[in-house]
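Visitor: Need a 3D model of the sequence below.
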Amino acid sequence: MNTRKGAVKAQTRSTVAKQRQIQKEADERERKAAAKKAAAKKQPAKKEAAGKKATQAGPRRQPEPPLPKQHQKKPGKESRLDPQPRFEAPDYRGSGKLENKVALVTGADSGIGRAVAVLFAREGADVAVVYLSEDEDAAETCRHVEGEGRRCLLIRGDVRDSAFCDEAVERAVDELGQLDILVNNAAFQEHAGSLEDISDEHLDMTFRTNIYGYIHMARAALRHLPEGGSIINTGSETGLIGNKQLLDYSATKGAIHAFTKSLASNLVGRGIRVNAIAPGPVWTPLNPADRPADKVAEFGSGSEMKRPAQPEELSPAYVFLAAPSCSSYITGIILPVMGGPA
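Guide: Numbers count the residues shown, from 1 in each chain. Alright, predicted model coming up:
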């Protein structure tokens with residue numbers, strides 16, 4: 001077992017190194033492209049975006065652009081983001097919707113995954129947190145899950161590896177007793193100005209993380225999910241409307257949406273529901289670990305609400321789709337949470 005743990009840790013480190021090399025190449029292309037553009041051409045667009053008022057429709061005011069300029073090495077650390085992403089949803093009151101259930105959430109060390117883990121725990125579920133390498137962020141997620149009075153299991157590994165996905169599910173079942181809910185949320189994203197800029201290694205990283213990982217995890221989970229179980233996949237608005245600088249990422253998100261609908265039809269006879277959430281821009285480490293600092297400052301300003309969502313604005317939708325009391329007649333949907341119409 002110790003040998004296998006060492007191999008998993010070595011693989012996660014190798015994956016992080018590959019992600020950072022892909023990021024380094026993209027950053028270099030971005031710097032060269034920026035040097036060719038006149039600053040005067042950028043300025044009017046920035047002023048126009050800054051002058052538009054962001055929409056605030058929730059119980060507390062959320063951060064708006066311009067955000068502090070920042071950039072991180074992949075995969076990004078939530079603890080280093082400014083402002084800190086909001087995931088605690090202090091105005092959300094649990095009511096036992098997931099009482100005594102067990103959920104496994106991938107990419108739950110930060111961002112949407114962390115917010116989902118916390119609200120699942122508030123609704124009564126124990127949570128297995130699967131993450132790539134950010135031990136400090138994962139420990140913080142665990143602290144908040146346990147703070148809700150539920151058990152939390154941390155599982156480090158790479159969802160691109162089908163053997164790891166099998167092991168992660170088996171560990172969750174062995175240590176938490178069962179598995180009722182799977183949330184596929186882990187993702188890799190790196191922008192590119194053109195298709196020619198996407199190397200084979202870049203393409204492979206995106207597809208194996210974003211769609212292979214989802215299939216690996218779902219296949220492993222199906223050995224244990226009972227009638228009434230739920231699979232929730234994190235898609236994206238890019239899978240619905242595309243994004244000219246996220247060609248490969250958008251393609252994987254479209255694949256996730258198609259996989260969701262197909263698997264929902266395949267499993268309906270077993271009483272297992274399969275749905276997806278399609279977020280718009282959300283303030284998580286994924287984006288400062290992708291875009292240059294000056295573009296991060298305006299992140300989310302292009303949405304209809306003129307700001308990014310905070311993770312706590314997404315997580316209640318996952319509770320809704322996970323809870324049989326809320327969504328027993330819902331399967332095969334792609335639920336847009338985009339700060340505007342789909």
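Visitor: for the chain, what spans make up the helices?
Guide: 2-35, 39-51, 111-122, 135-147, 162-176, 200-207, 213-221, 238-241, 247-267, 293-296, 315-322, 324-327 (DSSP state H).
Visitor: For those helices, give me JSON lines that also has mean neighbour count, distance to residue 333 and mean pLDDT.
Guide: Every C-beta, even on glycine, is put in place using the N, C-alpha and C of the backbone. Formatted as JSON lines, the helices of the chain follow (neighbours: other CB atoms under 10 Å; distance: least, CB to CB, whole Å; pLDDT from 0 to 100):
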{"stretch": "helix 2-35", "mean neighbour count": "14", "distance to residue 333": "31", "mean pLDDT": "82"}
{"stretch": "helix 39-51", "mean neighbour count": "10", "distance to residue 333": "32", "mean pLDDT": "48"}
{"stretch": "helix 111-122", "mean neighbour count": "29", "distance to residue 333": "17", "mean pLDDT": "98"}
{"stretch": "helix 135-147", "mean neighbour count": "18", "distance to residue 333": "27", "mean pLDDT": "97"}
{"stretch": "helix 162-176", "mean neighbour count": "19", "distance to residue 333": "24", "mean pLDDT": "98"}
{"stretch": "helix 200-207", "mean neighbour count": "17", "distance to residue 333": "24", "mean pLDDT": "97"}
{"stretch": "helix 213-221", "mean neighbour count": "23", "distance to residue 333": "16", "mean pLDDT": "98"}
{"stretch": "helix 238-241", "mean neighbour count": "18", "distance to residue 333": "13", "mean pLDDT": "96"}
{"stretch": "helix 247-267", "mean neighbour count": "20", "distance to residue 333": "8", "mean pLDDT": "98"}
{"stretch": "helix 293-296", "mean neighbour count": "16", "distance to residue 333": "31", "mean pLDDT": "87"}
{"stretch": "helix 315-322", "mean neighbour count": "23", "distance to residue 333": "8", "mean pLDDT": "98"}
{"stretch": "helix 324-327", "mean neighbour count": "14", "distance to residue 333": "9", "mean pLDDT": "98"}
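Visitor: With distance to residue 97 added, can I get these in TSV?
Guide: Shown next, in TSV, are the helices of the chain (distance: least, CB to CB, whole Å):
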stretch	distance to residue 97
helix 2-35	33
helix 39-51	39
helix 111-122	9
helix 135-147	16
helix 162-176	18
helix 200-207	34
helix 213-221	20
helix 238-241	27
helix 247-267	21
helix 293-296	35
helix 315-322	6
helix 324-327	6
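Visitor: looking at those helices, which is closest to residue 90?
Guide: helix 111-122 (10.6 Å; CB to CB).
Visitor: How far does the closest one sit from its chain's centre?
Guide: Chain-centre distance of helix 111-122: 11 Å, with CA atoms, centre = their mean, to the nearest Å.
Visitor: angle of that helix against helix 315-322?
Guide: 60 degrees (axes from the mean of the first three to the mean of the last three CA atoms, to 10 degrees).
Visitor: ok, the residue nearest the centre of the chain - contacts?
Guide: In the chain, the residue lying closest to the centroid (CA atoms, centre = their mean) is residue 185, at 4.2 Å. Residue 185 sits next to 105, 106, 107, 108, 112, 113, 116, 234 when contact means CB atoms under 8 Å, 6 or more residues apart in numbering.
Visitor: so how far is residue 27 from the first one?
Guide: Counting by CB to CB, to the nearest Å, the separation of residue 105 from residue 27 is 30 Å.
Visitor: what do you get for residue 18?
Guide: Counting by CB to CB, the separation of residue 18 from residue 27 is 15 Å.
Visitor: quick revisit: which stretch among the helices of the chain comes nearest residue 334?
Guide: Closest to residue 334 of the helices of the chain, according to CB to CB: helix 247-267, at 5.0 Å.
Visitor: Please list the residues outside that closest one that contact it.
Guide: Contacts for helix 247-267 (CB under 8 Å, 6+ apart): 184, 187-190, 192, 195, 198, 202-203, 206-207, 210-211, 214-215, 218, 222, 231, 233-236, 238-240, 242-243, 273-276, 278, 331-332, 334.
Visitor: Please indicate which of those are buried?
Guide: With burial judged by 16 or more other CB atoms under 10 Å, the buried subset of the contacts of helix 247-267 is 184, 187-190, 192, 198, 202-203, 206-207, 210-211, 214-215, 218, 222, 231, 233-236, 238-240, 273-276, 278, 331-332, 334.
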